[in-house]
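Undergrad: A predicted structure for the sequence below; I have some questions about it.
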Amino acid sequence: MTSGVPAIEVHGLTKAYGAHQAVRGIDFTVARGEVFGLLGPNGAGKTTTVEVLEGYRVRDSGSVTVLGYDPGNRSAQLRSRVGIVLQSCGTYPHLTVAETVEHFASLYPAPRQVGEVLALAGLDECAPRRARTLSGGQARRLDFALALVGDPELIFLDEPTTGFDPGARRAAWEVIRALRDLGKTVVLTTHYLDEAQTLADRVAILQGGRILAEGPPDALGASRYRVAWRAADGTGEERFTEDPTALLAELTADALARGERLEELSVTRPSLEDVYLELTTESYA
Ligand SMILES: Nc1ncnc2c1ncn2[C@@H]1O[C@H](COP(=O)(O)OP(=O)(O)OP(=O)(O)O)[C@@H](O)[C@H]1O
């Protein structure tokens with residue numbers, strides 16, 4: 001359900017806290033119906049960027065458009081079309097799950113049906129329970145449900161599975177896939193690279209307020225090959241290159257000149273995790 005007009009357009013966005021430049025001029029576009037992952041180490045500027053998009057933080061410069069609006073204007077129309085899953089807010093512990101979702105539904109002009117939202121968030125069985133009795137994973141599903149009930153076009157998920165057990169994570173991934181199937185646009189920040197690899201159509205890797213790489217998770221490493229081998233002293237070695245033919249020629253020639261073999265030699269296209277670690281470690285150096 002992608003249309004020509006992007007869900008989000010960011011050009012030259014900057015934001016400083018006092019003397020500290022948290023976001024240093026970033027550009028990216030999120031298409032409608034896309035799941036977009038923002039990755040990066042602690043302090044990279046992910047939350048700052050998302051808060052600007054959500055209209056919670058005022059940018060210093062650059063242009064930002066969300067569903068055609070400037071989020072800096074905090075328009076009510078934009079708010080009703082955007083869903084935000086905050087870290088568990090624990091509202092109304094005395095209400096049941098169904099009552100909580102019903103209450104939030106009443107705040108929106110055209111809410112989704114409560115039963116449908118409960119099913120989508122995997123909360124059918126929890127519907128009659130009081131919110132305060134939910135486990136951490138169930139409470140997080142309720143957060144999802146509350147972000148969905150207004151039937152938003154665009155949903156921001158901030159580290160949606162942090163602290164989840166593996167089962168709860170898979171359940172949350174199913175919810176996110178269901179959102180994509182409904183044609184929603186999802187912006188996801190996460191520290192779990194497998195989560196980004198599995199769910200995101202495209203990712204941007206941020207560090208020090210700059211985007212280091214952007215693209216589909218499988219394509220990011222397409223031109224960076226990992227060449228690994230075991231050296232004569234038994235230590236594992238690895239090098240990254242855009243031209244494995246040249247690197248292999250160099251390595252094998254050197255090894256032959258020393259009368260050695262490159263044991264366990266392999267050439268692989270790196271995973272998102274490899275690309276992420278290489279990029280974020282490189283630029284610390
Ligand atoms: N309100 C604030 N006042 C001052 N500095 C801030 C504030 N919020 C964030 N920062 C700083 O700005 C930088 C970017 O922070 P931000 O929270 O955007 O990073 P992040 O990528 O979301 O990190 P994390 O993965 O740890 O959540 C960090 O150096 C942080 O310390």
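TA: Nice, I can see it.
Undergrad: only C-alpha atoms for contact and neighbour calcs from this point on.
TA: Noted.
Undergrad: Put the alpha carbons of the helix or strand containing residue 144 into CSV.
TA: Per DSSP states H and E, residue 144 falls inside helix 136-148. Provided in CSV are the C-alpha atoms of helix 136-148 (Å, rounded to 0.1, in the frame of the first residue of the first chain):
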residue,chain,number,x,y,z
GLY,A,136,5.8,-7.4,31.5
GLY,A,137,5.3,-8.9,28.0
GLN,A,138,1.5,-8.7,28.3
ALA,A,139,1.7,-5.1,29.5
ARG,A,140,3.8,-4.3,26.4
ARG,A,141,1.1,-5.9,24.2
LEU,A,142,-1.4,-3.6,25.9
ASP,A,143,0.9,-0.7,24.9
PHE,A,144,0.8,-1.9,21.3
ALA,A,145,-3.0,-2.2,21.5
LEU,A,146,-3.3,1.4,22.8
ALA,A,147,-1.1,2.7,20.0
LEU,A,148,-3.2,0.8,17.4
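Undergrad: Going C-terminal from that helix, what's the next secondary structure element?
TA: Counting by DSSP H and E, what follows helix 136-148 is strand 154-158.
Undergrad: I'd like the distance from that next one to the chain centre, please.
TA: Centre-to-centre, strand 154-158 and its host chain are 9 Å apart (C-alpha atoms, centre = their mean, to the nearest Å).
Undergrad: ok, it near the ligand or not?
TA: No: counting by C-alpha under 6 Å from any ligand atom, the ligand has no neighbours in strand 154-158; the shortest distance is 8.9 Å.
Undergrad: Give the partner strands of that strand in its sheet and their orientations.
TA: Strand pairing for strand 154-158, using DSSP bridges, gives strand 82-85 (parallel), strand 185-189 (parallel).
Undergrad: neighbouring contacts of the helix holding residue 144?
TA: 83-90, 97, 101, 104, 112, 117-118, 120-123, 131, 155, 160, 164-165, 168, 172 (C-alpha atoms under 8 Å, 6 or more residues apart in numbering).
Undergrad: Give me the subset of those residues that lies in strands.
TA: 83, 84, 85, 155 (DSSP state E).
Undergrad: Buried only: go through the residues you listed for me.
TA: Buried members of the ones in strands among the contacts of helix 136-148, scored by 16 or more other C-alpha atoms under 10 Å, are 83, 84, 85, 155.
Undergrad: Output the residues you listed as JSON lines; include the columns pLDDT.
TA: As requested, those are exported to JSON lines (pLDDT from 0 to 100):
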{"residue": "83", "pLDDT": "86"}
{"residue": "84", "pLDDT": "81"}
{"residue": "85", "pLDDT": "74"}
{"residue": "155", "pLDDT": "94"}
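Undergrad: want to throw these into JSON lines with distance to residue 209?
TA: Below are these laid out as JSON lines (distance: C-alpha to C-alpha, whole Å):
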{"residue": "83", "distance to residue 209": "25"}
{"residue": "84", "distance to residue 209": "22"}
{"residue": "85", "distance to residue 209": "23"}
{"residue": "155", "distance to residue 209": "23"}
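Undergrad: burial count for the nearest residue to residue 40 once chain neighbours are set aside?
TA: Spatial nearest neighbour of residue 40, chain neighbours left out: residue 206 (4.8 Å); criterion: C-alpha to C-alpha, 6 or more residues apart in numbering. Residue 206: 25 surrounding residues under other C-alpha atoms under 10 Å.
Undergrad: Can you show me the helices along the chain?
TA: Counting by DSSP state H, one finds helices in the chain at the ranges 46-54, 76-80, 97-105, 114-120, 136-148, 166-181, 193-199, 217-220, 244-258, 272-282.
Undergrad: picking that back up, closest to residue 51 out of the buried ones among the ones in strands among the contacts of helix 136-148?
TA: If you rank those by distance to residue 51 using C-alpha to C-alpha, residue 84 comes first, at 10.3 Å.
Undergrad: Distance of the nearest residue to the closest one once chain neighbours are set aside relative to the ligand?
TA: Sequence neighbours aside, residue 156 is the residue nearest to residue 84 in space, at 4.9 Å (criterion: C-alpha to C-alpha, 6+ apart). Computed as C-alpha to the nearest ligand atom, to the nearest Å, the residue 156 to the ligand distance reads 13 Å.
Undergrad: Ok, which of the helices of the chain comes nearest residue 229?
TA: Using C-alpha to C-alpha, the helices of the chain put helix 244-258 closest to residue 229, at 10.0 Å.
Undergrad: Cool, thanks, signing off.
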